[in-house]
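# I would like the atomic coordinates for the input below:
(3 chains)
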Amino acid sequence: MIRLLALPIAAALLTSAAPMRPPRIVSINPCIDAVLVRVADPAQIAGISHYSQDPRATSIPLGVANRFHATSGTAEEVVALRPDMVLTGPHTEPATVAALKRLHITLVQYKVPESVAESITQVRDIATAVRHPERGAALAARIAAAATPSRATPVSALIWQSGGLVPGSGTLPDELLRRGGFRNMSAAYGLKKWDVLPLEYLIAKPPRVLLSTAAAETGEDRVTSHPAVRRLARHIAVAPYPTRLMNCGGPTIIDAMARLRQVRSGFAA
Amino acid sequence: MTRLTLWLVLALVLAACLSVASGKVWVPLDAWTAADPRSIIIVELRLPRTLLALLVGGALGLSGAVMQGYLRNPLADPGLFGVSSGAAFGAVVSLYFGYAVQLWLLPAFALAGAGVTMALLALIAGRSGSLILFTLAGMILTSITGSLTALAISLAPTPFVSSQIVTWLMGALTDRSWDDITVALPLTVVGAGLLATTARSLDALTLGEQAARSVGVDPGRLQLVVIAGTALCVGAAVASAGIIGFVGLIVPHMVRPFAGNRPSAILLPSALGGAVLLTVADSLVRLAPTVSELRLGIAMSMLGGPFFLYLLIRMRRRLA
Amino acid sequence: MSVLAAEGIGLSLDGKRILDSISHVFRRGRVTALLGPNGAGKSTLLDCLAALRKPDDGAATLDGQDVQQIDRRVRARAIGLLPQAADVHWNIDVTTLVGLGRMPHRGRWGETAADRDAVARALAATDMTGLADQGVEHLSGGERGRALLARVLAGEPDWLLADEPLASLDPGHQLDVLARLRSIADAGSGVVLVLHDLHLAARIADDAVLLRDGKVVAAGPAGDVLTAPLIAQAYGVDVEIGLTPAGHRFILPIAR
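Residues are numbered from 1 along each chain as shown, chains lettered A, B, ... in the order given. Predicted coordinates for the structure are as follows:
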């Protein structure tokens, strides 16, 4: 008899113990902030990363970001905000992760997404964690739509970050390039996931398009202004590609794909 | 207790109070009781951090005083002989392979790095007691481990990992806890104890090695004690806080005008002075009006570099 | 600790034979001079006696026991060494410097009244009492030499070994130090000096050991060793030895 009652009583206790209101969230990672402001209620967001309020590093419109309280990511500031849950990325300082765990604060760490599918799954997970799965599904759908693979003939391209850092196979920017109607030249050079490209390879086998973050920010960097690269100007089109689009997955994919399609449209189908 | 020691202990207490009160979050005194959840900040975050700053600062200050006495050179720094960059490389290896997820792995790797470097140094310079061999061996070990660290950064699988490594290397006491104390405290106490035993021998070395040996100093044994003691102190410091330079270099100089020039006389004041200096610096990095804390290693370099320059200029006037 | 001896000491450095079968018994209460041209091995022999170098053959012995085997502190109390290098690495005051000589006697608990008295005596003996609080960097060459000698004296060793202790001193202070060394020997200690000045050796030495190319040319009472033929054999110079009207011995190099 007691056993029969045990299960319903337990269920009742569990549901009554769970808080009815959506959880209070602190995020200490700017990419997660970008998802959070789209899927959580503003009242739920107790804190975001200070990077989101820095115009050079943010993935959120500043007007939106400045509505929230920002922290520098230390355990002390997080504890003071009394969150139910803390969301962060994989490369948080070990001491901070350990401190939060020791203080029994629920901490969820998300990986850096390396594909569109991973990114979409992450968006859904975050939305579920903040108790708004329906918004997560909506955002996921928009991302999937934006990332619809292009049917155009792939044009050879390379994303070039300052210092010669190039994203290769197995990274999110690589997949976005492919879906945007480009072929990532990094594989042709034998580069790994993230690698530095020697200029000689670039000159020997130039891509049609060089998506340069330097071109977007400062105009030119040491490499794009290199005389050798200049001479190839007839063969290589340099298109500005803001660093902002490289930092995160999630909603940023929508903007990234828009930019990529814009660049692709400048070439023959 | 001399008057200098009393003043330093007083400064230490004040620095500790400043550190416990410092932070990006203002915790009013009435929130310090156990009932208020903000008391967690004080008990679990700021108190261990303060104690760790005192320990690390004291360890580095003492190591610096011993190194300067042992090498008979006022420009010596405990980072000179390879253990600190060896410990840093160990920690970087754990970050590189992503092992730092387990809290205790990073200090373990750092201490392993310190231990290996210490063993190599003992093997090379050994019981020879030769200063030149010791200094050169230290420089080479620093160079090798530094190159390996740079290699790890350049081979990092993603820019996020390399950024994490570089950030850790810059040194910080942010979010340290009582767990870090359980690692740092015993090592520092043993290391400091070993170093304290060198006091008389360091005094005797004022006369040069021959005369020191004639009054009973055992140079081989002294070298092993110096290596072991400094390795423990510096290894514990790096495992807790990353690379923090200049403390061992500057503090003995700041203390000498008050304590005298005898090597044994500056050991305790350097330990206390180092503790005060680092704790105050660690408080300032939290109170500075920046959004996030300035990295402690950077702050010490910014303090230490100009001070060192001022020292050189003063020495130049004396030497010229 | 009354007999310091070299027993068949041989030493090679970098393949070169520096000392070869050196045997001599040094006596307490006397000043023994180690003499010879540059490279004869004088300083190396002194180092062996002070246990700073280990001979390849033979041994330096103190009361029959190899000095390398004697406990460090016991040996440091018995043998005091004044090396040639006058390094003082930190600008400490003279009293502290001299106090370093008490290290072999110091127990766990810092300095005692006995230590302080020994330091005071050493300062008085070298005429440094007036400079007791002076920093070492402000001393002249001669004053520093005397301070370093005071350091050795403060240890009150049975044997005082000194390598060129008169080198940086002016004639007045040379005479003072010579007198001090004499009285130390007269008080019962053994004094062994490496000297390159023959006439100073003539003034102070009771015994002499004359070396050339690592071998003993002659050893014994100074009067027997410091003769023109033996000096010519060791140094390759002709000397004139004589007595001044006041009865002081002099040795003058004349020609090669």
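# C-alpha only now, for contacts and for neighbours.
Fine.
# how about the residues of chain B by chain C?
Contact residues, chain B versus chain C (C-alpha under 8 Å from any C-alpha of the partner chain): B:72, B:200, B:203-204, B:206-208, B:210-211, B:213-218, B:260-262.
# for ChimeraX, what selects the buried ones among the residues you listed?
Selection command for ChimeraX covering only the buried members of the residues of chain B next to chain C, criterion 16 or more other C-alpha atoms under 10 Å in any protein chain shown:
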select /B:72,200,203,204,206,207,208,210,211,213,214,215,216,217,218,261,262
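# next structured bit after the host helix or strand of A:E118?
Secondary structure assignment for A:E118, by DSSP states H and E: helix A:116-129. For helix A:116-129, the following helix or strand on the C-terminal side (DSSP H and E) is helix A:133-146.
# can you name every helix or strand that that following helix contacts?
helix A:30-39, helix A:116-129, helix A:252-264 (3 or more C-alpha pairs under 8 Å, 6 or more residues apart in numbering or on different chains; DSSP states H and E).
# for the following helix or strand past the shortest one, the distance to its chain's centre please.
Okay, so that is helix A:30-39. As assigned by DSSP H and E, the chain's next helix or strand after helix A:30-39 is strand A:45-49. Relative to its chain's centre, strand A:45-49 lies at 17 Å (C-alpha atoms, centre = their mean, to the nearest Å).
# dump strand A:45-49 to PDB, restricted to CA.
These are the backbone C-alpha positions of strand A:45-49, laid out as PDB (Å, rounded to 0.1, in the frame of the first residue of the first chain):
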ATOM      1  CA  ILE A  45      19.100  37.700 -17.100                       C
ATOM      2  CA  ALA A  46      20.900  38.700 -13.900                       C
ATOM      3  CA  GLY A  47      24.200  39.200 -15.600                       C
ATOM      4  CA  ILE A  48      26.000  39.100 -18.900                       C
ATOM      5  CA  SER A  49      29.700  39.200 -19.800                       C
END
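# what about it, near chain B?
No: Strand A:45-49 stays clear of chain B (C-alpha under 8 Å from any C-alpha), getting no nearer than 10.2 Å.
# and the angle from that strand to helix A:30-39?
Angle of strand A:45-49 versus helix A:30-39, following axes from the mean of the first three to the mean of the last three C-alpha atoms, to 10 degrees, is 150 degrees.
# point out where chain B drops to low pLDDT.
B:1, B:34, B:99-103, B:126-129, B:319-320 (pLDDT under 70).
# for it, what lies in contact range of chain A?
So chain B meets chain A at B:23-25, B:38, B:40-41, B:44-45, B:100-101, B:103, B:157-161, B:164, B:168, B:174-177, B:291-293 (C-alpha under 8 Å from any C-alpha).
# re the thing from before, ranking the helices and strands packed on helix A:133-146 by burial, who's on top?
helix A:30-39 (a mean of 23; mean count of other C-alpha atoms under 10 Å in any protein chain shown).
# starting at the chain centroid, how far to that one?
Distance, centroid of helix A:30-39 to centroid of chain: 9 Å (C-alpha atoms, centre = their mean).
# ok so A:E77 is a helix residue?
Yes: A:E77: assigned to a helix according to DSSP: H, G, I helix; E, B strand; the rest coil.
# check contacts around it.
By C-alpha atoms under 8 Å, 6 or more residues apart in numbering or on different chains, the contact list for A:E77 reads A:71, B:24-25.
# by neighbours, which of the residues you listed wins?
Counting neighbours by other C-alpha atoms under 10 Å in any protein chain shown, A:T71 leads these with 26 neighbours.
# for that one, give me the backbone phi and psi.
phi -120, psi 160 (degrees, to the nearest 10).
# contact partners of stretch B:160-179?
So stretch B:160-179 is in contact with A:74-76, A:91-93, A:95-96, A:99, B:44-45, B:48-49, B:52-53, B:88, B:92, B:95-96, B:153-154, B:156, B:240-244, B:282, B:295-298, going by C-alpha under 8 Å, 6+ apart.
# wait, A:V196 touches A:G163, no?
Yes: contact criterion C-alpha atoms under 8 Å: A:V196 and A:G163 qualify, at 7.4 Å.
# redo the contacts of A:E77 as CSV? Include distance to C:S23.
Formatted as CSV, the contacts of A:E77 follow (distance: C-alpha to C-alpha, whole Å):
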residue, distance to C:S23
A:T71, 82
B:K24, 78
B:V25, 80
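# which of those residues lies closest to chain C?
B:K24 (44.4 Å; C-alpha to the nearest C-alpha).
# give the contact list for that closest one.
Contacts of B:K24 were listed using C-alpha under 8 Å, 6+ apart, and they are A:76-77, B:286-287.
# go on, C:L49?
Here C:L49 is in contact with C:4-6, C:60-61, C:67 (C-alpha under 8 Å, 6+ apart).
# so which of these wins on neighbours?
Result: C:A60 is most packed of these (other C-alpha under 10 Å), 31 neighbours.
# three-state assignment of that residue?
Per three-state DSSP, C:A60 ends up strand.
# does it touch C:L46 like I think?
No: here C:A60 does not reach C:L46: they are 9.7 Å apart, not a contact under C-alpha under 8 Å.
# secondary structure class for the residue of chain B found nearest chain A?
Nearest residue of chain B to chain A, counting by C-alpha to the nearest C-alpha: B:S292, 4.7 Å away. Going by three-state DSSP, the secondary structure assigned to B:S292 is coil.
# neighbours of the residue nearest to it when sequence neighbours are not counted, how many?
Leaving aside its sequence neighbours, B:S292 sits nearest to A:S72 (C-alpha to C-alpha, 6 or more residues apart in numbering or on different chains; 4.7 Å). As a burial measure, A:S72 scores 20 neighbours (other C-alpha under 10 Å).
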